[in-house]
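Sequence first, predicted model second:
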Amino acid sequence: MRPNSITRFEQLFLGALALNVLNIFLNWDTWSMVMSRGDGSDGMNAFATYTIIAFPFLINLWLWYKIARKGSSIGKWLLVIMYVIGVIWSLATLDNYRTLGVTILFAILALKAGAIFMLFRSDSKQWFADKTVVT
């Protein structure tokens, strides 16, 4: 049975991913502007934009699976590193967001911080130490 902290991690982390999808849809006009800029000679075309959107999302889903379902310590530390990079990137690009986008961005960062905190609680340590496979 999975510890309570891992269940809470899942809830917070998947909630952050859902908010991230919402934020992408709310800012779709910005993404559309990036895609329609020029003929792609600037290096940014629709495929690249979709890749920029999808790749981090898929990495996050993979990390969620490895952490919450497989108990991967490496996944836990990769998530921490990605979170720190994400915070730095978010703060550096803060002026690209609208007011609602900034609010959602900070909610996403708070949910992910809470999710990461759950990975370091005492009951989750055994989860990462056991290395049992959960189906």
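That came through fine.

which residues does the residue nearest the centre of the chain contact?
Most central in the chain under CA atoms, centre = their mean is Asn60, positioned 5.0 Å from the mean C-alpha point. Going by CB atoms under 8 Å, 6 or more residues apart in numbering, Asn60 touches Phe13, Leu17, Met82. Quick note: C-beta positions are derived from backbone N, CA and C, even for glycine.

How much space separates it from Arg98?
When distance is defined by CB to CB, to the nearest Å, Asn60 is 23 Å away from Arg98.

quick revisit: looking at the contacts of Asn60, which are in strands?
Judged by DSSP state E, these include no members of strands.

mind checking which helix or strand of the chain has the lowest mean pLDDT?
Lowest mean confidence among the helices and strands of the chain (mean pLDDT, DSSP states H and E): helix 28-36, at a mean of 68.

Tell me the first helix or strand C-terminal of that one.
Sequence-wise, the next helix or strand downstream of helix 28-36 (DSSP states H and E) is helix 46-64.

tell me which residues in that next one are buried?
Thr49, Asn60, Leu63, Trp64 (16 or more other CB atoms under 10 Å).

try stretch 65-72
Lys66, Ile67, Ala68, Gly71, Ser72.

wait, what's in contact with the third one?
Applying CB under 8 Å, 6+ apart to Ala68 gives the contacts Arg2, Ile6, Phe9, Glu10, Phe13.

and Gly51, how far is that from Ile59?
Not quite, residue 51 is Thr, not Gly. Relative to Ile59, and taking CB to CB, Thr51 is found at 12 Å.

now Val87
Per CB to CB, Val87 is found 16 Å from Ile59.

go on, Phe13?
Relative to Ile59, and taking CB to CB, Phe13 is found at 13 Å.
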